[in-house]
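Q: Let's see this in three dimensions:
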Amino acid sequence: MSDHDIFRAIADPTRRSILTILAAGDQRVCDLAERFEMSRPAVSKHLAVLEAADLIRVERQGREAVNRLNPAGLAPAAEWIGFFSAFWDDKLTKLKQAVENSDD
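A: Numbers count the residues shown, from 1 in each chain. Now for the predicted structure:
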């Protein structure tokens, strides 16, 4: 797994939707497929990308596969974004100061 895999995985809006759904609780593939206008195999392909990026865990329960969010898998993306948030915080602080000073 690489950081590239994580960003590739979350770049797709369907996969982001799947992650949001899984944040609310575990889901079987068939339950997820009902939420989207695509085939079950298409949903399975999205799940495979998320699993390869370590963003979900798949647990076999008999013939069913239960998908579970792995929040720790998002840590590298959060760290990368966090690095750049310092730049935005600085820019927003300067903008706030400029707006406040322009009222004088």
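Q: In the chain, where is pLDDT below threshold?
A: For the chain, the stretches flagged by pLDDT under 70 are 1-4, 103-104.
Q: for it, what spans make up the helices?
A: Here the chain has its helices, by DSSP state H, at 3-10, 13-24, 29-34, 40-52, 75-102.
Q: and these as CSV, adding distance to residue 66?
A: Heads up, the C-betas are built off the backbone N, CA and C, glycines and all. Shown next, in CSV, are the helices of the chain (distance: least, CB to CB, whole Å):
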stretch, distance to residue 66
helix 3-10, 19
helix 13-24, 10
helix 29-34, 9
helix 40-52, 11
helix 75-102, 23
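Q: which one of those helices lies closest to residue 65?
A: Closest approach to residue 65 among these is made by helix 29-34 (5.6 Å; CB to CB).
Q: Mind listing what's buried along the closest one?
A: Buried residues in helix 29-34, defined by neighbour count with 16 or more other CB atoms under 10 Å: 29, 32-33.
Q: Among those residues, which one lies nearest to residue 87?
A: When the buried residues of helix 29-34 are ranked by distance to residue 87 (CB to CB), residue 32 comes first, at 36.5 Å.
Q: ok, that closest one - contacts?
A: Going by CB atoms under 8 Å, 6 or more residues apart in numbering, residue 32 touches 18, 21, 43, 47, 67.
Q: Go again with 7 Å.
A: Residue 32 is in contact with 18, 21, 43, 67, counting by CB atoms under 7 Å, 6 or more residues apart in numbering.
Q: Against residue 16, how distant is it?
A: Per CB to CB, to the nearest Å, residue 32 is found 13 Å from residue 16.
Q: returning to that earlier point: to residue 62, which of the helices of the chain lies closest?
A: For residue 62, the closest of those is helix 29-34, at 13.1 Å, according to CB to CB.
Q: quick one on the thing from earlier: quick one: closest of the helices of the chain to residue 63.
A: helix 29-34 (10.7 Å).
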